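Participant: Next comes the sequence, and after it the predicted model I'd like to discuss.
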Amino acid sequence: MVDKITKEKRSWNMQRIRSKDTKPELIIRSVLHRMGLRFRLHKKELPGKPDIVLKKLNTVIFVHGCFWHRHENCIEASRPKTNSEFWEKKIAKNIERDKKHQKALRELGWNVIVVWECQIKKDFELNRALVEKKLGL
Ligand SMILES: [Zn+2]
């Protein structure tokens, strides 16, 4: 269940544009850590600099903001009313880039996982279940 997005939340989302070590990413990292999984961060030599790289599982994880990467059928991905053309172009570029990077990673033999921001909860067990499901553990 997704709450209706508030103005405050939206501006909070905007501020975090393309920033490293965003909170959702930190949450997923701590879940992986508690699961005893070893990982590396932002590997520059891989296409798209994946947020998290699980070498042993041959898997890369992107933690994506629903708005910036347009999570399909997600209320968080709905466009702001002002400047919509500007954001539309920006987000279209992000999506294009995401597709290109994910394809390149798959061709290099990586499993590519996207964790959407709205899927991350406050509860550790719920997040662990999500990660396990995505990783096929
Ligand atoms: Zn979403």
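Facilitator: Arrived safely, thanks for sending.
Participant: can you tell me the helix or strand for Ile29?
Facilitator: If you look again at residue 29, you'll see it is Arg, not Ile. helix 23-34 (DSSP states H and E).
Participant: I'd like the distance from the helix or strand just after that helix to the chain centre, please.
Facilitator: Later in the chain than helix 23-34, the nearest helix or strand by DSSP H and E is strand 40-41. On the basis of Cα atoms, centre = their mean, to the nearest Å, strand 40-41 sits 14 Å off its chain's mean C-alpha point.
Participant: Identify the neighbouring strands of strand 40-41 in the sheet and state each direction.
Facilitator: As defined by DSSP bridges, the strand partners of strand 40-41 come to strand 52-54 (antiparallel).
Participant: residues touching Arg70, list them.
Facilitator: Contacts for Arg70 (Cβ atoms under 8 Å, 6 or more residues apart in numbering) come out as Ala77, Ile91, Asn94, Ile95. C-beta: built from backbone N, CA, C; applies to glycine.
Participant: and if you look at Ile52?
Facilitator: Glu25, Ile28, Arg29, Leu32, Phe39, Arg40, Leu41, Val60, Ile61, Val63.
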